[in-house]
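Peer 1: Could you look at this predicted model? Sequence included:
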Amino acid sequence: MLLFSVQLNAQVVRPSSFNRYAALGAYSKNFSDIFSATSNQAALASLKTGAFGVYGEKRFMLQELSNYTAIVAVPTSSGTFGLQVDYFGSTFFNATELGIIYARKITEVVEVGAKFNYHTVRIAGYGNVSAMNFDVGAIFHLTEKLYSGIHIYNPSGSKLGKIGTEKLESIYTCGLGYEASERLFISTEIIKHEDQPVGVIAGMQYNLHAKVFIRGGICTNNDNGYAGVGVNIGFGRVDLSTAYHPQIGFTPGISLLFNFKKLAEE
């Protein structure tokens with residue numbers, strides 16, 4: 001038994017299901033919002049007003065796999081500046097990432113963005129380790145209705161701690177979005193996690209009303225389907241979303257979006 005070893009692979013669970021839900025609006029003009037930055041920071045280059053958003057989910061209905069995101073961004077004449085905080089886990093094991101975002105429109109058809117991150121992993125009784133890394137992304141306005149983009153997380157291959165025995169994964173994404181009409185938007189992404197098979201994330205958004213829309217789609221990496229409904233209200237928007245894994249179950253989530261301009265006018 002001492003001489004026999006078996007290599008096991010675990011499923012990636014840290015990326016939030018909300019990233020797939022929010023990714024639908026990243027590669028568009030009329031369907032984008034502050035949460036689109038969780039998929040591609042370049043989407044903030046077209047942000048019309050300052051905004052603040054928070055999101056929480058209970059992964060597979062387990063408190064130990066809770067995931068929270070908070071993001072704030074303000075557009076200026078020099079570009080859009082933002083701050084994003086992500087928290088995953090519980091008091092016994094958790095991962096936290098603090099990121100500073102900058103996005104800017106280079107031309108009428110090209111937008112770029114970047115996020116500089118401080119990543120920390122803490123295990124109760126064992127202390128914590130940290131690392132610094134960054135994201136970069138770009139969005140291209142191919143036509144009035146067709147958009148594409150690329151995004152890379154951790155291209156430098158940062159490692160945790162001073163010894164650096166554990167490497168943070170690199171993630172490569174290529175996305176395409178099509179505004180079929182004022183009500184219908186279709187999006188797809190090809191995503192490659194380091195040491196994982198290539199996957200496809202596809203989905204759509206349909207505006208039922210000026211104040212109500214529905215979203216839904218699927219991720220082929222783990223046959224994980226997702227869906228949600230958003231309601232626009234006076235101060236911003238409320239979204240209820242869920243993801244479903246055929247073996248592990250549901251992941252419910254809720255997000256709140258606040259637009260600074262609306263709050264100031266009220």
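Peer 2: Cool, the structure landed. Residues are numbered from 1 along each chain as shown.

Peer 1: Now do the same contact list for residue 179.
Peer 2: For residue 179, the contacting residues are 28, 29, 30, 31, 144, 145, 146, 185, taking Cβ atoms under 8 Å, 6 or more residues apart in numbering as the criterion. To be clear about C-beta, it is placed using only N, CA and C from the backbone, and glycine gets the same treatment.

Peer 1: Okay, and the beta partners of residue 192?
Peer 2: Beta-bridge pairing for residue 192 (DSSP bridges): residue 172, residue 198.

Peer 1: That one: neighbour count?
Peer 2: 16 (other Cβ atoms under 10 Å).

Peer 1: what's the answer for residue 86, then?
Peer 2: When counting by other Cβ under 10 Å, one arrives at 22 neighbours for residue 86.

Peer 1: quick one: it from residue 225, how far?
Peer 2: 23 Å (Cβ to Cβ, to the nearest Å).

Peer 1: ok, now residue 155?
Peer 2: Residue 155 is 30 Å from residue 225, by Cβ to Cβ.

Peer 1: So which of those two has more stuff around it?
Peer 2: Just comparing residue 155 and residue 225: by other Cβ under 10 Å the higher neighbour count belongs to residue 225, 16 against 13.

Peer 1: helices and strands around the helix or strand in which residue 243 is found, which ones?
Peer 2: Residue 243 is located in strand 236-245, with elements delineated by DSSP states H and E. On a contact count with 3 or more Cβ pairs under 8 Å, 6 or more residues apart in numbering; DSSP states H and E, strand 236-245 meets helix 17-23, strand 224-233, strand 249-259.

Peer 1: most packed of those?
Peer 2: helix 17-23 (a mean of 26; mean count of other Cβ atoms under 10 Å).

Peer 1: Residue 187 pairs with what?
Peer 2: When bridges are called by DSSP bridges, residue 187 pairs up with residue 177, residue 203.

Peer 1: so what's it up against?
Peer 2: Residue 187 makes contact with 23-28, 175-178, 202-205, 217 under the criterion Cβ under 8 Å, 6+ apart.

Peer 1: how near is it to residue 61?
Peer 2: Counting by Cβ to Cβ, the separation of residue 187 from residue 61 is 27 Å.

Peer 1: The stretch 51-200 of the chain: helices as residue ranges?
Peer 2: Assigned by DSSP state H, counting those that start in this stretch, the stretch 51-200 of the chain shows no helices.

Peer 1: Can you pull out the low-pLDDT segments for the stretch 151-266 of the chain?
Peer 2: 162-165, 222-223, 262-266 (pLDDT under 70).

Peer 1: if we can go back for a sec, need the helices and strands packed on strand 236-245 in TSV with distance to residue 103, can you?
Peer 2: Below are the helices and strands packed on strand 236-245 laid out as TSV (distance: least, Cβ to Cβ, whole Å):
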stretch	distance to residue 103
helix 17-23	15
strand 224-233	22
strand 249-259	17
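
Peer 1: what comes up buried for stretch 136-145?
Peer 2: 136, 137, 138, 139, 140, 141 (16 or more other Cβ atoms under 10 Å).

Peer 1: wait, the fifth one sits on residue 107?
Peer 2: Put plainly, it is residue 140. No: Residue 140 is not in contact with residue 107 according to Cβ atoms under 8 Å; the separation is 9.8 Å.

Peer 1: how about the strands in the stretch 1-150 of the chain?
Peer 2: Listed in chain order, the strands of the stretch 1-150 of the chain (DSSP state E, counting those that start in this stretch) span 51-58, 66-76, 79-89, 93-105, 110-123, 127-141, 146-153.

Peer 1: For residue 231, name its beta-bridge partners.
Peer 2: residue 212, residue 238.

Peer 1: From residue 207, how far out is residue 59?
Peer 2: Plainly put, residue 59 is 29 Å away from residue 207 if you go by Cβ to Cβ.

Peer 1: Just want to know which of those two has more residues nearby.
Peer 2: For residue 59 versus residue 207, neighbours defined as other Cβ under 10 Å are more numerous around residue 59 (24 against 18).

Peer 1: quick one: pLDDT of the closest residue to the more buried one other than its chain neighbours?
Peer 2: Spatially, and ignoring its direct neighbours in sequence, residue 59 is nearest to residue 65 (3.5 Å; Cβ to Cβ, 6 or more residues apart in numbering). We have a pLDDT of 87 for residue 65.
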